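Enquirer: How does the following fold in three dimensions:
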Amino acid sequence: MQAHPAYARPATRTAAPAGVAAPVSVGGALRAVEAFLMRGGQRTARRNAWSAVLEDRRRAEDRRVAQHVLETLDDAPAPAWRLPRP
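Expert: Alright, predicted model coming up:
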């Protein structure tokens, strides 16, 4: 059963005529160059290294937030039950 014409999705890309290469996006071109220059193991290592960089950035942000919370708590007045008695 075919979709009603009003609900049909328009074609987003047309096929290139025979003998003519379809235009390639910049990202696709970069991936093609990467695949040509790097073998599978190097690509995997590069992706793993980038994942490690992103994880380090997340940890650094968590440390900054924790430091801010600790400094805020340190500046807050002590609750009455923790004040020393005269």
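
Enquirer: who touches the helix or strand harbouring residue 33?
Expert: For residue 33, the element it lies in under DSSP states H and E is helix 26-37. With Cβ atoms under 8 Å, 6 or more residues apart in numbering as the test, helix 26-37 has contacts from 24, 43. In short, each C-beta sits where N, CA and C put it, glycine included.

Enquirer: Mean confidence (pLDDT) on that helix, please.
Expert: Helix 26-37 comes out with an average pLDDT of 82.

Enquirer: can you check stretch 43-57 too?
Expert: Here stretch 43-57 scores 92 as its mean pLDDT.

Enquirer: Alpha carbons only: can I get it in CSV?
Expert: In CSV, the C-alpha atoms belonging to stretch 43-57 read as follows (Å, rounded to 0.1, in the frame of the first residue of the first chain):
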residue,chain,number,x,y,z
ARG,A,43,41.5,5.1,12.9
THR,A,44,40.3,3.1,16.0
ALA,A,45,43.2,4.5,18.1
ARG,A,46,42.4,8.1,17.0
ARG,A,47,38.7,7.7,17.9
ASN,A,48,39.6,6.1,21.2
ALA,A,49,42.0,9.0,21.9
TRP,A,50,39.3,11.6,21.1
SER,A,51,36.8,9.7,23.4
ALA,A,52,39.4,10.0,26.1
VAL,A,53,39.8,13.7,25.5
LEU,A,54,36.1,14.2,25.8
GLU,A,55,35.9,12.2,29.0
ASP,A,56,38.7,14.2,30.5
ARG,A,57,36.8,17.4,29.7
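
Enquirer: Could I have the CA atoms of stretch 60-79 written out in CSV?
Expert: Provided in CSV are the C-alpha atoms of stretch 60-79 (Å, rounded to 0.1, in the frame of the first residue of the first chain):
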residue,chain,number,x,y,z
ALA,A,60,37.3,18.5,34.5
GLU,A,61,33.9,20.2,34.4
ASP,A,62,32.7,18.0,37.2
ARG,A,63,35.8,19.0,39.3
ARG,A,64,35.0,22.7,38.6
VAL,A,65,31.4,22.3,39.7
ALA,A,66,32.5,20.4,42.9
GLN,A,67,35.1,23.0,43.7
HIS,A,68,32.4,25.7,43.3
VAL,A,69,30.0,23.9,45.6
LEU,A,70,32.7,23.3,48.2
GLU,A,71,33.7,27.0,48.1
THR,A,72,30.1,28.1,48.4
LEU,A,73,29.6,25.8,51.4
ASP,A,74,32.8,27.1,53.0
ASP,A,75,31.6,30.7,52.7
ALA,A,76,28.2,29.9,54.2
PRO,A,77,27.6,30.7,57.9
ALA,A,78,27.8,27.7,60.2
PRO,A,79,24.4,26.3,61.4
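
Enquirer: Okay then, goodbye and thanks.
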